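Asker: Got a sequence here, can you model it:
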Amino acid sequence: MNDVKKELYLGIDLGTSMVKVVILERDGGLVASAGAEYPFLTGKPGFFEQNPDDWKRAITHSVREALSSSRAAPSDVAAIGLSAQIPTLVLTDGRGSPTYPAITWCDARADAIGTAMREKASPERHYSITGVVLDGRYLAPMYGWIAENHPEFLTDSHMILSAKDFLYHWLTGIAATDPSTASGFGLYSLSEKNFDAELCAEFGVPTGALPQIYESHEKPGMLTREAARELGLAADTPVALGVADSMAGVLGAGVAERGEVCMIFGSSTAVVALCDRPLLSPDMKYLVSPSASRGIFALEADILSTGSAAAWTARLLGVSTPADLSRLARESPPGAKGVIFYSYLFGGEQGVLWDSSLSGTIAGLSLYSSPSDIARAHYEGVVCEIRRCVSAFAESGFEPGRLAAAGRAAEDPFFMQLIADVTGSPVVASDVRDASAIGAALTAGAGRLRERGKKTEKVFTPENNIKKFYDAHYRIYVKTTQNARVL
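Answerer: Model prediction:
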């Protein structure tokens, strides 16, 4: 029996529909991984809630499974790092127990309150302070909705936590957050590096109910005995604050240099550009937030429905998997014989559009259209949105270099080549899966993944003739976007 103690790092990523857990060696090598799903609770249109107890059960199962698979002793885990969906609100009592279901980032109930808050603060002033375009999918408006509709849940000692903050409190007993997650409250000042007191007062958010802010790599808390017993780990294991899921994905994909752009593919897609300063958009087209690295800022545009749109399109066309959909799309020529697919299937779009009136639309159909044309049009629509996001960064003075891709969609060579052809930029696709969970482990102290990732990267370069075609196609796509507006 080998009694030599290992040095392992545990990463936990609480996604929109499932948790992913990884265990890394000190140099970043993957030792084990596991995951478990949890449901949405939807009682009304526009309401998307989850039960934090479901998160805890999924995490407990996954951590124990990963630990068993790794054959490591509980004491081998040197530290834990976290990542989670944002902005998702968990309102708790003073002991950290939820008093209301978690309101997830895709919930639309607070849209009117978000608009009212934005107008009250002045959209330009609020953006200049926070770097975010405030709508109902931030924690401040969600909290305002609860205060207006269910004030009985606002106990004297209540806490306003994001999903990751709730996990941190569960594990350590400390109410704490990191800058990238704090950005999701709609109250974080990029210059002050703290919650803005004036905005909190204007929006009716008590500062005493907010978590304390630490850097992503800091470890102010350790695993409590109760949490350690649940997870099968050693008590007093240090827990790093970690980082928001999109920033964790960037870190896990090995993207850390200024000027790089990373696309994190999942149910939605985050398009993130790294910059050495908070480069605000003159037209407020994208978000600006701290990254996982001190002094590096992220320009971010989130496309709400990409992987989820692919799954929907596959069902529509009677194919089983995204891989089947991709094979079907290849049978159609560039331009999909005039079919255009606006994949705004989640109700409205963020990206750089910020238009809640947009809806999923397939235009240009004729008797000559085939399922393969619709399939290809889906991919072309998603890629046109990616180009729209990168173009918005460039309009503000950002000079994009290569585009890096992470997530399961990055394993599709057809999709990656299409991104290169439509954007005109080289695309570096990594086979790194569970990038956000890996990024979480990296914040805990595991080695950087960059060198390991380089061995498995594949580069796709634009094909000039096809790029010229797609330049014209993109102009048509942008010009006709209004066709997807609900009348």
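
Asker: and the next element down the chain from the helix ranked longest in the chain?
Answerer: In the chain, ranked by residue count with DSSP state H as the criterion, the top helix is helix 371-395. As assigned by DSSP states H and E, the chain's next helix or strand after helix 371-395 is strand 403-406.

Asker: just to revisit the earlier point, avg pLDDT for the longest helix of the chain?
Answerer: On average, the pLDDT along helix 371-395 is 97.

Asker: what helices or strands is that helix leaning on?
Answerer: Judged by 3 or more Cβ pairs under 8 Å, 6 or more residues apart in numbering; DSSP states H and E, helix 371-395 is in contact with strand 261-265, strand 269-275, strand 297-303, helix 307-317, helix 322-329, strand 340-342, helix 413-423, helix 464-479. To be clear about C-beta, it is placed using only N, CA and C from the backbone, and glycine gets the same treatment.

Asker: tell me which residues in that helix are buried?
Answerer: Neighbour counts over helix 371-395 (16 or more other Cβ atoms under 10 Å) mark 371-390, 392-393 as buried.

Asker: Same question for stretch 122-139.
Answerer: Buried positions in stretch 122-139, judged by neighbour count with 16+ other Cβ under 10 Å: 126-127, 129-139.

Asker: Give me the subset of the residues you listed lying in strands.
Answerer: Among these, no member falls in strands (DSSP state E).

Asker: ok, so of those, who is nearest residue 145?
Answerer: In terms of Cβ to Cβ, no member of the buried residues of stretch 122-139 lies closer to residue 145 than residue 136, at 7.7 Å.

Asker: Look up how far residue 350 lies from that closest one.
Answerer: Separation of residue 136 from residue 350 (Cβ to Cβ, to the nearest Å): 12 Å.

Asker: now do residue 67
Answerer: For residue 67 relative to residue 350 (Cβ to Cβ), the value is 37 Å.

Asker: Over to residue 130?
Answerer: Taking Cβ to Cβ, one finds residue 130 at 15 Å from residue 350.

Asker: One more: residue 293?
Answerer: In terms of Cβ to Cβ, residue 293 sits 24 Å off from residue 350.

Asker: now swap in residue 391 and tell me
Answerer: Taking Cβ to Cβ, one finds residue 391 at 16 Å from residue 350.

Asker: likewise residue 28?
Answerer: Residue 28 is 32 Å from residue 350, by Cβ to Cβ.

Asker: Likewise for residue 51?
Answerer: In terms of Cβ to Cβ, residue 51 sits 26 Å off from residue 350.

Asker: Can you pull out the residues in contact with stretch 265-272?
Answerer: By Cβ atoms under 8 Å, 6 or more residues apart in numbering, the residues outside stretch 265-272 that reach it are 15-17, 245-247, 249-250, 255, 261-264, 298-308, 346, 351, 382, 386, 389-390, 405-410.

Asker: picking up where we left off before, relative to helix 464-479, how tilted is the longest helix of the chain?
Answerer: Calculated by axes from the mean of the first three to the mean of the last three Cα atoms, to 10 degrees, helix 371-395 forms an angle of 80 degrees with helix 464-479.

Asker: circling back: if you compare the helices and strands packed on helix 371-395, which one is most tucked away?
Answerer: Among these, ranked by average contacts under mean count of other Cβ atoms under 10 Å, first place goes to strand 261-265 (a mean of 27).

Asker: With adjacent residues omitted, what lies nearest to residue 414?
Answerer: residue 326 (5.1 Å; Cβ to Cβ, 6 or more residues apart in numbering).

Asker: what's around the closest residue to residue 309 other than its chain neighbours, how many residues?
Answerer: Once flanking residues are discounted, residue 309 sits nearest to residue 343: 4.0 Å by Cβ to Cβ, 6+ apart. Neighbour count for residue 343, taken as other Cβ atoms under 10 Å: 28.

Asker: who touches residue 343 in this structure?
Answerer: 305, 306, 309, 313, 360, 378, 381, 382, 385.

Asker: thinking the first one is in contact with residue 342, fair?
Answerer: Read that as residue 305. No - counting by Cβ atoms under 8 Å, residue 305 stays clear of residue 342, with 10.1 Å between them.

Asker: Now the common contact residues for these two.
Answerer: With Cβ under 8 Å, 6+ apart as the test, residue 305 and residue 342 both reach residue 360.
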